[in-house]
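[1] Fold the following.
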Amino acid sequence: MSAVALDAFVHDLATRSGEAILPFFRTAIGVEDKGRRKGQSFDPVTEADRAAEQVMRRMITTTFPEHGIIGEEFGNERRDADYVWALDPIDGTKSFISGMPAWGTLIGLLKQGAPVYGMMHQPFIGERFFGDGGSAHYLGPAGKRRLLTRDCGRLEDAILFTTSPLLMNAADRTLFQSVERDVRLSRYGGDCYAYCMVAAGLVDLVIETGLQDHDIVALVPVIEGAGGIVTNWEGGSPVAGGRVVAAGSKAVHEQALKRLNP
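    Sure, this is the predicted structure:
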């Protein structure tokens, strides 16, 4: 598959999944709590999540029947394939059901276990952030442009995001706070949007815990393509999810890791 063909196919996935999602946004949509089934905290899923993932799965299996799929709502298929798609139809479902636009569709592609392409699509706003690890781009109301992180240099000058410290266990929250108290500004929320703002050079650091693989695979090529870095808290690969650190500069990333690994 050529780079041009891959890019066109992912944009088509984004368009079709967005068409499935938008009729449900800011409506009286039914919400199921997956967390209750598992005895965990509130973890909503909607008809929009399922409709969008079904559309993308159908397109992938029709076009690339030999490819595998990792999906939030319908499980995994052929995970040992050379090419595996990682799909999160609505990353930020809690924002979605609240009518807030800080959510997006994540579409990622792994080649032999390594992320090689990713996109975050926000169909309500009409924004797409996409990259292949070598470069990253934005397409939206402001036109098309190259994404570049900023070299913040010092943790003390950094803008930090996390979805919510309340999602962390007590030990991880204490470590997170050791970073938070030294940054210039700390904000909560954003989900996938916070990572895209790192790629856009507006946010310097995102620290999260409890991520699944489909939460992060698509975002790695976007941030790395813009010049940033994404690892787990120990500095290794973030592809499995778990505890993740994304930074616009190596210096801020290294300073954050020192506090997260005292």
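[2] Please count neighbours and contacts with C-alpha atoms only from this point.
    OK.
[3] Give me the sheet partners of whichever helix or strand residue 69 is part of and which way each runs.
    Using DSSP states H and E, residue 69 sits within strand 68-71. With DSSP bridges as the test, strand 68-71 is paired with strand 75-77 (antiparallel), strand 83-91 (parallel).
[4] following the longest one, which helix or strand shows up next?
    Per DSSP H and E, the first helix or strand lying C-terminal to strand 83-91 is helix 93-97.
[5] How far away from the center of its chain is that next one?
    With Cα atoms, centre = their mean, to the nearest Å as the basis, helix 93-97 stands 15 Å off its chain's centre.
[6] for it, packing partners?
    strand 44-46 (3 or more Cα pairs under 8 Å, 6 or more residues apart in numbering; DSSP states H and E).
[7] Going C-terminal from the strand it packs on, what's the next secondary structure element?
    According to DSSP H and E, the helix or strand after strand 44-46 is helix 47-63.
[8] Got the domain ranges for this structure?
    Recorded structural domains for the chain (assignment: automatic domain parsing) are 3-139, 155-260.
[9] Quick one: residues in contact with stretch 159-167.
    For stretch 159-167, the external contacting residues (Cα atoms under 8 Å, 6 or more residues apart in numbering) are 173, 176, 180, 183-191, 194, 203-210.
[10] which residues in this protein form helices?
    Assigned helices in the chain, in chain order: 3-21, 34-38, 47-63, 93-97, 170-180, 192-199, 213-216, 219-225, 250-260 (criterion: DSSP state H).
[11] Tell me which of these is the most buried.
    helix 219-225 (a mean of 30; mean count of other Cα atoms under 10 Å).
[12] For that one, which helices and strands make contact with it?
    strand 114-122, strand 127-131, strand 136-140, helix 192-199, strand 229-232.
[13] Export the helices of the chain as JSON lines, with columns for mean pLDDT and distance to residue 78.
    Formatted as JSON lines, the helices of the chain follow (pLDDT from 0 to 100; distance: least, Cα to Cα, whole Å):
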{"stretch": "helix 3-21", "mean pLDDT": "94", "distance to residue 78": "19"}
{"stretch": "helix 34-38", "mean pLDDT": "50", "distance to residue 78": "24"}
{"stretch": "helix 47-63", "mean pLDDT": "93", "distance to residue 78": "11"}
{"stretch": "helix 93-97", "mean pLDDT": "90", "distance to residue 78": "26"}
{"stretch": "helix 170-180", "mean pLDDT": "97", "distance to residue 78": "33"}
{"stretch": "helix 192-199", "mean pLDDT": "98", "distance to residue 78": "26"}
{"stretch": "helix 213-216", "mean pLDDT": "96", "distance to residue 78": "15"}
{"stretch": "helix 219-225", "mean pLDDT": "98", "distance to residue 78": "22"}
{"stretch": "helix 250-260", "mean pLDDT": "97", "distance to residue 78": "34"}
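[14] can I get the ones you listed in JSON lines with distance to residue 122?
    Shown next, in JSON lines, are the helices of the chain (distance: least, Cα to Cα, whole Å):
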{"stretch": "helix 3-21", "distance to residue 122": "8"}
{"stretch": "helix 34-38", "distance to residue 122": "23"}
{"stretch": "helix 47-63", "distance to residue 122": "13"}
{"stretch": "helix 93-97", "distance to residue 122": "11"}
{"stretch": "helix 170-180", "distance to residue 122": "28"}
{"stretch": "helix 192-199", "distance to residue 122": "9"}
{"stretch": "helix 213-216", "distance to residue 122": "15"}
{"stretch": "helix 219-225", "distance to residue 122": "14"}
{"stretch": "helix 250-260", "distance to residue 122": "27"}
